[in-house]
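Undergrad: Quick check, what structure comes out for this input:
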Amino acid sequence: MTPAGRTRLRLFRLEDALAPAKPKRRVQLHPVKAAPSAATVETALAAVGAPPGQRIICPWPPNALSANSRGARFLVSKARRAYRRQCWGLALEARVKVPADGTIRIRLDMFPPDRRANDDDNPQGRFKAGRDGIAEALKVDDSRFRVEPHLHRDQPLACMVVTILGETADAD
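TA: From the prediction side, this is the model:
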C-alpha cells in the first residue's frame with residue numbers, strides 16, 4: 001500500500017510496448033446486413049402490436065450515419081448518399097400511396113442489429129437520410145411526416161420499418 005497523499009508510479013513494461021494496438025472501428029459505408037424478409041418483419045411487428053398499414057422495410061443504417069461517428073466528411077457524405085438512394089429504391093418498390101396534402105402519420109419501428117443498450121434517439125438521427133429518400137420517392141416534403149418512433153431492442157432484426165398510417169386530423 002502507498003502512504004496517503006502519494007501516487008504510485010507505473011513502470012514501463014516491455015510487454016506494453018510490444019502489445020498490438022487496439023484496432024479502430026471501421027466506418028461502415030453500407031448496411032452490414034440486408035433487411036430480413038417481409039414475413040419475418042410482419043411476425044415481429046405482430047408480436048409488438050404494430051397496427052396494419054403500408055410498410056417500407058429498410059436495412060439498419062450504417063454506423064457512419066450516427067451522430068457519434070467520427071468518420072471523414074467525404075465518407076459520411078458517401079454513406080448518406082448511398083443509404084438515401086437505397087431507401088428511395090425500396091420505397092418505389094413498395095408502391096406506397098400517400099395523400100396529396102395534409103400531414104402523414106408514420107410509425108417508425110427500429111429493430112437494432114444487436115441487443116446493446118444504445119441511445120433511443122440515435123437511430124432516428126441515423127435514419128434521416130433514409131427518411132429523405134422515402135420522402136423523395138413518395139414525392140412529398142418530409143416536413144409533412146408525423147413520426148411515432150418505437151425502438152425494439154429485444155428483437156435484433158437489423159432493420160427500420162416505416163409504416164404509413166394515413167393522414168392526421170390536426171391542422172398544423
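Undergrad: Scan this protein for its longest helix.
TA: helix 73-94 (DSSP state H).
Undergrad: and that helix, what does it pack onto?
TA: In terms of contacts (3 or more C-beta pairs under 8 Å, 6 or more residues apart in numbering; DSSP states H and E), helix 73-94 is packed against strand 54-59, helix 128-138. C-betas here are computed from N, CA, C, even on glycine.
Undergrad: count of neighbours near the closest residue in space to Pro61 that isn't next to it in sequence?
TA: Once flanking residues are discounted, Pro61 sits nearest to Arg126: 4.0 Å by C-beta to C-beta, 6 or more residues apart in numbering. For Arg126, the neighbour count with other C-beta atoms under 10 Å is 23.
Undergrad: check which helix or strand covers Arg107.
TA: Element membership of Arg107, judged by DSSP states H and E, is strand 104-111.
Undergrad: So for Asn68, which of the helices and strands packed on helix 73-94 sits nearest?
TA: helix 128-138 (14.2 Å; C-beta to C-beta).
Undergrad: Next secondary structure after the closest one?
TA: strand 145-151.
Undergrad: Report the backbone C-alpha coordinates of the helix or strand following that next one in CSV.
TA: Downstream of strand 145-151, the next assigned helix or strand under DSSP H and E is strand 159-167. These are the backbone C-alpha positions of strand 159-167, laid out as CSV (Å, rounded to 0.1, in the frame of the first residue of the first chain):
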residue,chain,number,x,y,z
CYS,A,159,-33.9,-3.1,-40.0
MET,A,160,-36.1,0.0,-39.9
VAL,A,161,-39.8,-0.4,-40.7
VAL,A,162,-41.7,2.6,-41.9
THR,A,163,-45.5,2.1,-41.7
ILE,A,164,-47.7,4.7,-43.3
LEU,A,165,-50.7,5.0,-41.0
GLY,A,166,-52.5,7.7,-43.0
GLU,A,167,-53.4,11.3,-42.7
